[in-house]
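Novice: only geometry, no sequence info:
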């Protein structure tokens, strides 16, 4: 049995989800992979839980779910997450803080600190990776550490791990896909339910599929950040967020959707990566095309030189789906330790 | 640069396809993976090409495409493939002979011989694996060698490699999918084109999607063999071909297909693996379901305990798609050498 020490950077929705899945799946991971995953530090914005014997995750989760604060636990230390990275001996940092889509911080800074300290990193941080992809990847390379971020783009779909581990002699020539569940839900409701955009958006908000401020989804910003990550990671590009031509779905009218439907098409917010660049925008998709997926699902089609077209469909985000991807990264790293 | 020596067992359609892709992608594989793949032996039913410096694959392909026989080459030896496995030093056997669906031979015997000689094996042999799965896997384990067979079930879709490498903390709880392209083409034509089964089958034969004798496809035998492989490999089962409840599509009438359509469904030949067992048979699938894919495409939905539903869509078979899968297996093995 190999014991691997983790620092969990962030104890928000994703961080707590990670802790829950770890409690649930710990025995399975021991049995299947011969690996004991031990969280030796949990970083939050107002202090950290640190215990080299393993943080009591159940106690921490219990407190949080009762709306209480973690400083009630004896393991609590009033240090910053960066100080914890610096002081606590560990193997992998699991970086799951909510970062700013305009700056990629604080996540990017934490990834940098962890790599510099000699930790491998598994991150769910779309904002950090979209903003400082090349810099962080170069740092990881220089430090000879893994930096994996499957959950940052495409959630439950194994896209980057699949490209790296499973289609190895193939060169991915282009990608296109639906990378934002909220807009896909809205467009599905406009096509199938005959709704206009505002009504469909309100319904998505009521169901929790859209944020109170849906700007980043509706304007294509969220999909664009994911597009940068996938293009750089899977196709070896060196693109930045500003390289993506972005058009959101605000201009998609009920009439346009119905006209498309009459002609055997649906309108989808499609992210594209090919030799002419990166784009996100509304596109016509034939009704019988594998990318015509409904509700809040995501899908990506890889076109490769040998295997041709492979399509992956899954939930793009959500508590459990995101965890599936984070754990895949963590275990991938563990296998090399 | 690591040189890895291959024995290519079989020089039929798949074997020649392997040689072509190797010639085409050799530089890419060297550059990307630091691996030189060198074929030191090619086995055919009437003799073998053997050259420890590397068999001249171009010359062999040229002769074959001119309808000539390989014994015109100086590297030709009148030995059996089993004798070649025994005599020629190599690292990986690529087993791509056409085996009998009723016995799994001669492929299963060749896999056994290669493993016993201490070779790793990448096989495309659905028949061999469906018939002697547990026995061959146990032998591989005993010999501490890889036995991979991604291309044997689901062709261009990275199913087994994906489950092994990319969704590692997840437990796959059930699978369902379309594993036979021929019947999917026929059922699509019955639903969209209003054809009856016989007409659709004739069209599939004219297009080369169906064999002159389509029995194994139409009766569900082909899908059942693949189902056994996926169930055993991905879900750790210990099933045999005779454990699959099989119903083909002969009984699916034009009227049934049209009635389903009127109610928002399509009829698909669905392979299912879950706690109640293995089955292949015609099922109703809602029109908006991700498994409602058209033409001769294949698709598989994994349901897991963490990531929930992931669907993979791709071509199930075909020259290039099969090669993509074989090369993924070969390179996966190389990384551990």
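Specialist: The structure has been received and is ready for your questions. Predicted model only: the values in this text are computed from it and were never measured.

Novice: how about stretch A:261-280: buried residues?
Specialist: Residues of stretch A:261-280 classed as buried: A:261, A:265-273, A:278-280 (neighbour count, 16 or more other CB atoms under 10 Å in any protein chain shown). For the C-beta atoms, the positions are set from N, CA and C on the backbone; glycine is no exception.

Novice: quick check: mean pLDDT of stretch A:246-254?
Specialist: Averaged across stretch A:246-254, the pLDDT comes to 97.

Novice: report the buried residues of it.
Specialist: Judged by neighbour count (16+ other CB under 10 Å), stretch A:246-254 contains these buried residues: A:246-249, A:252, A:254.

Novice: now swap in stretch A:29-48 and tell me
Specialist: Result for stretch A:29-48 [16+ other CB under 10 Å]: buried residues A:29, A:33, A:35-44, A:47-48.

Novice: which residues sit against the helix or strand residue A:23 falls within?
Specialist: Using DSSP states H and E, residue A:23 sits within helix A:13-33. Contact with helix A:13-33 is made by A:1, A:8-9, A:11, A:35-37, A:39, A:42, A:57-58, A:60-61, A:64, A:94, A:96-97, A:124, A:151, A:319-320, A:322-323, A:326-327, A:331, A:334-335, B:168-169, B:171, B:306, as judged by CB atoms under 8 Å, 6 or more residues apart in numbering or on different chains.

Novice: what's the neighbour count on residue A:146?
Specialist: 19 (other CB atoms under 10 Å in any protein chain shown).

Novice: for it, which residues are in contact?
Specialist: A:120-122, A:140, A:329, A:332-333, A:336.

Novice: and these near chain B, which?
Specialist: residue A:332 (CB under 8 Å from any CB of the partner chain).

Novice: buried subset of the contacts of residue A:146 as a ChimeraX selection?
Specialist: Here is the ChimeraX command that selects only those of these that count as buried (16+ other CB under 10 Å):
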select /A:120,121,122,140,329,332,333
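
Novice: closest to chain B out of the contacts of residue A:146?
Specialist: Minimum distance to chain B across the contacts of residue A:146 is 7.1 Å, recorded for residue A:332 (CB to the nearest CB).

Novice: so which bits of the stretch 201-337 of chain A are right by chain B?
Specialist: Counting by CB under 8 Å from any CB, the stretch 201-337 of chain A sits next to chain B at A:288, A:290, A:293-294, A:297, A:304, A:306-315, A:320-321, A:323-325, A:327-328, A:330-332.

Novice: which of those residues are buried?
Specialist: A:290, A:293-294, A:297, A:304, A:306-315, A:320-321, A:323-325, A:327-328, A:330-332.

Novice: for chain A, what are the low-confidence residue spans?
Specialist: A:317-318 (pLDDT under 70).

Novice: please repeat the previous calculation with a cut-off of 80.
Specialist: Scanning chain A for pLDDT under 80 picks out A:155-156, A:307-308, A:316-319.

Novice: the helices in it, which residues?
Specialist: Ranges of helices in chain A, per DSSP state H, are A:13-33, A:57-65, A:81-87, A:107-116, A:126-143, A:160-165, A:181-192, A:197-206, A:215-218, A:221-235, A:254-262, A:319-336.

Novice: who touches the shortest one?
Specialist: To tie it back to what came earlier, the one meant is helix A:215-218. Against helix A:215-218 from outside (CB under 8 Å, 6+ apart): A:101, A:180, A:182-183, A:186, A:201, A:210-211, A:221-222, A:248-250.

Novice: so how far is it off the chain centroid?
Specialist: 16 Å (CA atoms, centre = their mean, to the nearest Å).

Novice: and it, what's buried?
Specialist: Those would be A:216-218, for helix A:215-218 by 16+ other CB under 10 Å.

Novice: which among these gets closest to chain B?
Specialist: residue A:217 (21.0 Å).

Novice: grab the nearest non-local neighbour of the closest one.
Specialist: The shortest distance from residue A:217 to any non-neighbouring residue, by CB to CB, 6 or more residues apart in numbering or on different chains, is to residue A:182 (4.0 Å).

Novice: spit out the contact partners of the one you found.
Specialist: Listed by CB under 8 Å, 6+ apart, the contact set of residue A:182 reads A:204, A:209-211, A:214, A:217-218, A:222, A:296.

Novice: how does it look with 6 Å?
Specialist: With contact taken as CB atoms under 6 Å, 6 or more residues apart in numbering or on different chains, residue A:182 is in contact with A:204, A:209-210, A:217.

Novice: now swap in residue A:125 and tell me
Specialist: Residue A:125 neighbours (CB under 6 Å, 6+ apart): A:95, A:99, A:107, A:152.

Novice: right, and the first one touches residue A:8 too?
Specialist: If I follow you right, that is residue A:95. No. Counting by CB atoms under 6 Å, residue A:95 sits too far from residue A:8 to count as a contact (8.8 Å).

Novice: between the contacts of residue A:125, which sits nearest residue B:164?
Specialist: Nearest to residue B:164, judged by CB to CB, of the contacts of residue A:125 is residue A:152 at 22.6 Å.

Novice: against residue A:91, how distant is that closest one?
Specialist: Separation of residue A:152 from residue A:91 (CB to CB, to the nearest Å) stands at 21 Å.

Novice: higher neighbour count, the two?
Specialist: residue A:152 (27 against 21).

Novice: domains in chain A, by residue range?
Specialist: According to automatic domain parsing, chain A comprises the domains A:2-156+A:319-336, A:172-315.

Novice: touching, residue A:3 and residue A:36? I think so.
Specialist: Yes. Under the criterion of CB under 6 Å, residue A:3 lies in contact with residue A:36, with a separation of 4.6 Å.

Novice: mind listing what's buried in the helix holding residue A:23?
Specialist: Buried residues in helix A:13-33, defined by neighbour count with 16+ other CB under 10 Å: A:14-22, A:25-26, A:29, A:33.

Novice: name the nearest of those residues relative to residue A:80.
Specialist: Nearest to residue A:80 out of the buried residues of helix A:13-33 is residue A:15 (CB to CB; 15.8 Å).

Novice: now tabulate the buried residues of helix A:13-33 in CSV and tack on distance to residue A:114.
Specialist: What follows is these, written out as CSV (distance: CB to CB, whole Å):
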residue, distance to residue A:114
A:14, 16
A:15, 15
A:16, 20
A:17, 20
A:18, 15
A:19, 18
A:20, 23
A:21, 21
A:22, 18
A:25, 23
A:26, 23
A:29, 22
A:33, 22
